[in-house]
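In: I would like to see how this sequence folds:
(chains A and B)
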Protein chains: 2
Amino acid sequence: MGVVIPLDEARDPSAGLQPLLVLVSEDMAAVNHLILDKAVSDVEMIPKLAHHLIDSGGKRLRPMLTLASAKLSGYRGNGHVRLAAAVEFMHTATLLHDDVVDDSDYRRGKPSARLVWGNQASVLVGDFLLGQAFRMMVDVGSLPALKILSNAAAVIAEGEVMQLAAAKNTSTNEDEYLAIIDAKTAALFSAAAEVGAAAAARPAAEQAALKSYGRNLGIAFQLVDDALDYSGDSARLGKDVGDDFREGKITLPVILCFRRGDASERDFWQRTLATGDVQDGDLETAIGLMKKHKAIEATLERARHYGAIARDALAIFPDSGPRDALADVVSFCVNRVH
Amino acid sequence: MGVVIPLDEARDPSAGLQPLLVLVSEDMAAVNHLILDKAVSDVEMIPKLAHHLIDSGGKRLRPMLTLASAKLSGYRGNGHVRLAAAVEFMHTATLLHDDVVDDSDYRRGKPSARLVWGNQASVLVGDFLLGQAFRMMVDVGSLPALKILSNAAAVIAEGEVMQLAAAKNTSTNEDEYLAIIDAKTAALFSAAAEVGAAAAARPAAEQAALKSYGRNLGIAFQLVDDALDYSGDSARLGKDVGDDFREGKITLPVILCFRRGDASERDFWQRTLATGDVQDGDLETAIGLMKKHKAIEATLERARHYGAIARDALAIFPDSGPRDALADVVSFCVNRVH
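Out: This next block holds a predicted model:
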């Protein structure tokens, strides 16, 4: 498919995650243990379905942000582990409900839970994991942390409804799309980063800095995800190039192509994405139009813009291992290929 | 259909709800105001879908339990209004997800939200309302109240999954069924009643009494609901007699009939509920078998048993208006015909 993704650094992009992995490795072992522990239920279907997703090897980037933020904030205690596990459960619950809403058959290169156990179980086990997430947060006992994460839960759902309402609408513009991903994706990144500082009762400016870091990182992450769906390597992505296209998802590369294109090109996007009439060769045509209009490059440029804001949000913190690790996550997200 | 429902009191059963309605009328006005306020969103579909269900005239029994429990506990403050609204939102979110899981086309005599807006929006708006519920609880700031309601959220979802796993399984026994309704229905009644006392920081024995009251009331409520589905008046129920039958739901009247019946009767239940092969006249046959085995009467007897436990749980409280109103709710639930 051969769209060239320009990297802003010449080194292996996955190297950007290494400092974070090292920084939180001990805490993440505790988080992973807690995740397994809280997916337990006497109701057999719950752990089976939950493990299907939990064991499928997501990066667990969001809980790592919580742990790193707690470290950066000098948090003393063990509540950060439960908050991080709660963040991951909120994310897992969202994935389960997303797959139902999107009719997705694959997730992380495996059949989706809804394909194996059905939509009904996916909805209900998602609800269970969300309930468990709130139990863990309450258990930590920090009202500021609870406020941040409960706000995120409502905002994420609001973003998902916005996305549903905009589905197949090729006239969605960039601002509208940014509002959607700000809510559905960036809100949890933002809450994950902010909650570590909130649990440590750091000054408002530091909490706001980590909130801004997480939010902009989340937007960048989503934009790169959107670009990869038209340009990535399927085997490494764990999903197929063209999934968004086949599902009629309106993402930034499409929005840019639609606006930069002529009438016949707009008819093409209308037929394939809005009407859902996708024929052999259409994905190749779509990718061709993206090359023509440099839509992938522009999407990645936008991602780098938000990544730069995220990095600068960290500037108020003195130089430290945790701060550098968080900054490197931005490079990872902007340059990732998997 | 003419199954006689024996009443344990000769008066109008709906009279049992009057003392509660009077007791909490002022607070309920505030709750109803808050419910409308928190269903607001810039995302147009959210208030539309939420109002469809909110305006459809449920009894709002659960939030009234929270308000009455707060009154019984001498609670001074205004957190009880937000807790009651949160309880109703948790219930509304569950109804939205239930309709998706059960493929239900009607709810409270109106087309269900999923029929009008689709399964996808129902799942996501349910998630939004649950998020709003948690926001309101966090806003009250009582960690004991948060603990009770977050536990309930996880237990309810667990109960729904249990019910899904037992669906169409005619060999489900009474104990297994009780465990399901204890989780999916009674847990929220229980939490609704307990949380009023918890917010008022009453002694553990009083909180436990209200928890037990709510739990047993909830079990009685569900059992009467199950009985009404085979014996009620459709126009007054807001749903059709036989809905559970057509959906293949295994409820206590069926469990009792199946166990008390002979081999050919079990074949009938197996064909209709497990296989889903329902023909004209089958509902009448089902109701006939329930008469033969006195399954409705037995279900209502069981309901009265749990109702008696609920009433006795209140015995540790001195005689008062709130206590009597809560006791009368038991009569209402056990004798209700709508």
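
In: For the closest residue to chain B within the stretch 201-338 of chain A, which non-adjacent residue is spatially closest?
Out: Closest residue of the stretch 201-338 of chain A to chain B, C-beta to the nearest C-beta: A:Glu247 (12.3 Å). C-beta coordinates here come from the backbone N, C-alpha and C atoms, glycine included. Closest residue to A:Glu247 apart from its sequence neighbours, by C-beta to C-beta, 6 or more residues apart in numbering or on different chains: A:Asp102 at 5.9 Å.

In: Just the C-alpha atoms of whichever helix or strand A:Ala310 is part of, please, in CSV.
Out: Under the criterion of DSSP states H and E, A:Ala310 resides in helix A:295-313. In CSV, the C-alpha atoms belonging to helix A:295-313 read as follows (Å, rounded to 0.1, in the frame of the first residue of the first chain):
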residue,chain,number,x,y,z
ALA,A,295,-4.3,13.5,3.5
ILE,A,296,-2.2,11.1,5.5
GLU,A,297,0.7,13.4,5.7
ALA,A,298,-1.6,16.3,6.8
THR,A,299,-3.3,14.1,9.4
LEU,A,300,0.1,13.1,10.8
GLU,A,301,1.2,16.8,10.7
ARG,A,302,-1.9,17.6,12.8
ALA,A,303,-1.0,14.8,15.2
ARG,A,304,2.5,16.2,15.6
HIS,A,305,1.0,19.6,16.4
TYR,A,306,-1.0,18.1,19.3
GLY,A,307,2.0,16.1,20.3
ALA,A,308,4.0,19.3,20.6
ILE,A,309,1.4,20.8,22.9
ALA,A,310,1.5,17.7,25.0
ARG,A,311,5.3,17.9,25.3
ASP,A,312,5.2,21.6,26.2
ALA,A,313,2.5,20.9,28.8
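
In: Now do the buried residues in that helix.
Out: A:295-300, A:302-304, A:306-307, A:309-311, A:313 (16 or more other C-beta atoms under 10 Å in any protein chain shown).

In: re earlier: I'd say the residue of the stretch 201-338 of chain A closest to chain B and A:Val101 touch.
Out: No: with contacts defined as C-beta atoms under 8 Å, A:Glu247 does not count as touching A:Val101, sitting 10.5 Å away.

In: Out of these two, name the residue with the larger neighbour count.
Out: A count of neighbours by other C-beta atoms under 10 Å in any protein chain shown puts A:Val101 above the other of A:Glu247 and A:Val101, at 25 against 16.

In: Am I right that the more buried one sits in a helix?
Out: Yes: under DSSP: H, G, I helix; E, B strand; the rest coil, A:Val101 falls within a helix.

In: ok, now how distant is it from A:Val125?
Out: Applying C-beta to C-beta, to the nearest Å, the value for A:Val101 to A:Val125 is 15 Å.

In: I'd like the mean pLDDT over the host helix or strand of A:Pro144, please.
Out: Applying DSSP H and E as the criterion places A:Pro144 in helix A:143-166. Helix A:143-166 carries an average pLDDT of 96.

In: Between helix B:143-166 and that helix, find me the angle.
Out: If you take axes from the mean of the first three to the mean of the last three C-alpha atoms, to 10 degrees, helix A:143-166 sits at 40 degrees to helix B:143-166.

In: which helices and strands does helix A:143-166 pack with?
Out: Using 3 or more C-beta pairs under 8 Å, 6 or more residues apart in numbering or on different chains; DSSP states H and E as the contact test, the elements touching helix A:143-166 are helix A:79-102, helix A:113-140, helix A:174-181, helix A:187-199, helix B:45-54, helix B:119-140.

In: okay, and for chain A, where does confidence drop off?
Out: A:1-13, A:233-239, A:337-338 (pLDDT under 70).

In: now with 80?
Out: A:1-14, A:57, A:108-109, A:232-240, A:337-338 (pLDDT under 80).

In: Could you find the residue nearest the spatial middle of it?
Out: A:Thr185 (5.1 Å; C-alpha atoms, centre = their mean).

In: ok, it to A:Leu61 distance?
Out: In terms of C-beta to C-beta, A:Thr185 sits 11 Å off from A:Leu61.

In: show me the contacts for A:Pro111.
Out: Going by C-beta atoms under 8 Å, 6 or more residues apart in numbering or on different chains, A:Pro111 touches A:Asp105.

In: and it, bridged to which residues?
Out: A:Tyr106 (DSSP bridges).

In: before we move on, back to that, and the helix holding A:Ala310, how far out from the chain middle?
Out: 15 Å (C-alpha atoms, centre = their mean, to the nearest Å).

In: swap in stretch A:83-90?
Out: In terms of C-alpha atoms, centre = their mean, the centre of stretch A:83-90 is set 13 Å apart from its chain centre.

In: Then stretch A:70-81?
Out: The chain centroid and the centroid of stretch A:70-81 are separated by 23 Å under C-alpha atoms, centre = their mean.

In: shouldn't A:Asp244 be in contact with A:Tyr230?
Out: Yes: at 7.4 Å, A:Asp244 counts as touching A:Tyr230 under the criterion of C-beta under 8 Å.

In: what about these two, which has more around it?
Out: A:Tyr230 (26 against 22).

In: Can you classify that one by secondary structure?
Out: coil.

In: so how far is A:Val24 from it?
Out: Distance from A:Tyr230 to A:Val24, by C-beta to C-beta: 32 Å.

In: quick one, what contacts A:Gly87?
Out: Just to correct that, residue A:87 is Val rather than Gly. A:Val87 neighbours (C-beta under 8 Å, 6+ apart): A:Arg62, A:Pro63, A:Leu65, A:Thr66, A:Ala133, A:Leu149, A:Leu188, A:Ala191, A:Ala192, A:Val195.

In: Might you report the residue contacts of the last one?
Out: Applying C-beta under 8 Å, 6+ apart to A:Val195 gives the contacts A:Thr66, A:Ser69, A:Leu83, A:Val87, A:Ala145, A:Ile148, A:Leu149.

In: Please work out how many residues are found near A:Asp262.
Out: Neighbours of A:Asp262 using other C-beta under 10 Å come to 8.

In: Check A:Arg107 too.
Out: Residues within reach of A:Arg107, counting by other C-beta under 10 Å, total 22.

In: tally of neighbours for the residue lying closest to it once chain neighbours are set aside?
Out: Spatial nearest neighbour of A:Arg107, chain neighbours left out: A:Asp99 (5.9 Å); criterion: C-beta to C-beta, 6+ apart. Residues lying near A:Asp99 (other C-beta under 10 Å) number 21.

In: Surely A:Asp99 and A:Ser122 touch.
Out: Yes: the pair A:Asp99 / A:Ser122 is scored as a contact, 6.3 Å apart, by C-beta under 8 Å.

In: what touches both of the two?
Out: Joint contacts of A:Asp99 and A:Ser122 (C-beta under 8 Å, 6+ apart) are A:Ser112, A:Ala113, A:Arg114.

In: Can you pull out the residues in contact with the helix or strand where A:Ala68 lies?
Out: Assigned by DSSP H and E, A:Ala68 belongs to helix A:61-72. By C-beta under 8 Å, 6+ apart, the residues outside helix A:61-72 that reach it are A:17, A:20-21, A:23-24, A:27-28, A:31, A:80-81, A:83-85, A:87-88, A:91, A:188-189, A:192-197, A:199-200, A:210, A:214, A:217, A:221, A:317, A:320-323, A:325-326, A:329.

In: For ChimeraX, write the select line for the buried members of those residues.
Out: ChimeraX command restricting the contacts of helix A:61-72 to the buried ones, with burial defined by 16+ other C-beta under 10 Å:
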select /A:17,20,23,24,27,28,31,80,81,83,84,85,87,88,91,188,189,192,193,194,195,196,197,199,200,210,214,217,221,317,322,323,325,326,329
